[in-house]
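1. task: produce atomic coordinates for the following.
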Amino acid sequence: MPRCIKTRTGRFAISLFILVMTLVVTSACEPPGPPGSAPTATVVGHGGPVQDQPSLIDALRAAGLTVNPTGTVSQPFLAGSGTVLNVGGEDVQVYEYASSAAAQGDAAKIQPDGSVNGSIISWIAQPHFYNTGKIIVIYPGTNDQILAALEAALGKPFAVGPTSASP
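-> Presented below is the predicted three-dimensional model:
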């Protein structure tokens, strides 16, 4: 009889262990969002001067802005896709490259007036273009707090488009 009790106790302990491990593993997984929604990105910053997306997010948050990745974006004149950051309620596009040279190569396609290859792109608001390190940042907007934080983090924009889109 004592042997049976040990076996049952052992089985109970193993079952309890499996249950606890299952709960630990499943609690570490993020529940999926609504169908068709983009997964939520977790971005980890590393401090120091802005050279990439995580350090930009750190700088914007340090300036008192809320920053949340909300999806991806692409522009026909830039290689690859970028990340849309909701910064203080407005969208900021961040394109990260493998190297500073690659980012500078794409930035060179954009003229100081915001045109690309002689054509003007229609934006929802005045676009501001920044390039530092491995990133190109596009902010189509005029919020003074966001512009000040971007300039503090990235320097002056290398291009600024027209103040309003033509109908």
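
2. SS state for Ala102?
-> helix (DSSP: H, G, I helix; E, B strand; the rest coil).

3. from Ala159, how far off is it?
-> Per C-beta to C-beta, to the nearest Å, Ala102 is found 18 Å from Ala159. In this view, the C-beta of every residue, glycine as well, is placed from N, C-alpha and C.

4. likewise Ser99?
-> Taken as C-beta to C-beta, the span from Ser99 to Ala159 is 21 Å.

5. which one's more surrounded, those two?
-> Legend: neighbour count by other C-beta atoms under 10 Å for Ser99 and Ala159, higher for Ala159 (18 against 10).

6. my read: the more buried one touches Ala108, true?
-> No: Ala159 lies out of contact with Ala108 (C-beta atoms under 8 Å); the separation is 10.6 Å.

7. where does the protein dip in pLDDT?
-> Residue ranges of the chain with pLDDT under 70: 1-48, 118, 164-167.

8. quick one: contacts of stretch 112-127?
-> 77, 109-110, 129, 138-142, 158-166 (C-beta atoms under 8 Å, 6 or more residues apart in numbering).

9. same thing but 6 Å
-> Outside stretch 112-127, the residues that touch it by C-beta atoms under 6 Å, 6 or more residues apart in numbering are Phe77, Lys109, Ile110, Ile138, Pro140, Gly141, Thr142, Ala159, Gly161, Thr163, Ala165.

10. thought the first one was touching Lys109?
-> Yes: taking contacts as C-beta atoms under 6 Å, Phe77 lies within contact range of Lys109: 5.4 Å.

11. and Gly133, how many residues sit next to it?
-> Gly133 has 19 nearby residues by other C-beta under 10 Å.

12. look up how far Asn86 lies from it.
-> Taken as C-beta to C-beta, the span from Gly133 to Asn86 is 22 Å.

13. thinking again about what came up before, taking the contacts of stretch 112-127 together, which two end up most distant?
-> Spatially, the most separated pair among the contacts of stretch 112-127 is Lys109 and Thr142, at 23.6 Å (C-beta to C-beta).

14. which parts of this structure are helices?
-> 2-28, 53-62, 100-107, 144-154 (DSSP state H).

15. sort out which residues of the second one are buried, please.
-> Of the residues in helix 53-62, Gln53, Ser55, Leu56, Ile57, Asp58, Ala59, Leu60 count as buried by neighbour count, 16 or more other C-beta atoms under 10 Å.

16. am I right that the fourth one is in contact with Thr66?
-> No: if you go by C-beta under 6 Å, Ile57 and Thr66 don't touch, sitting 10.5 Å apart.
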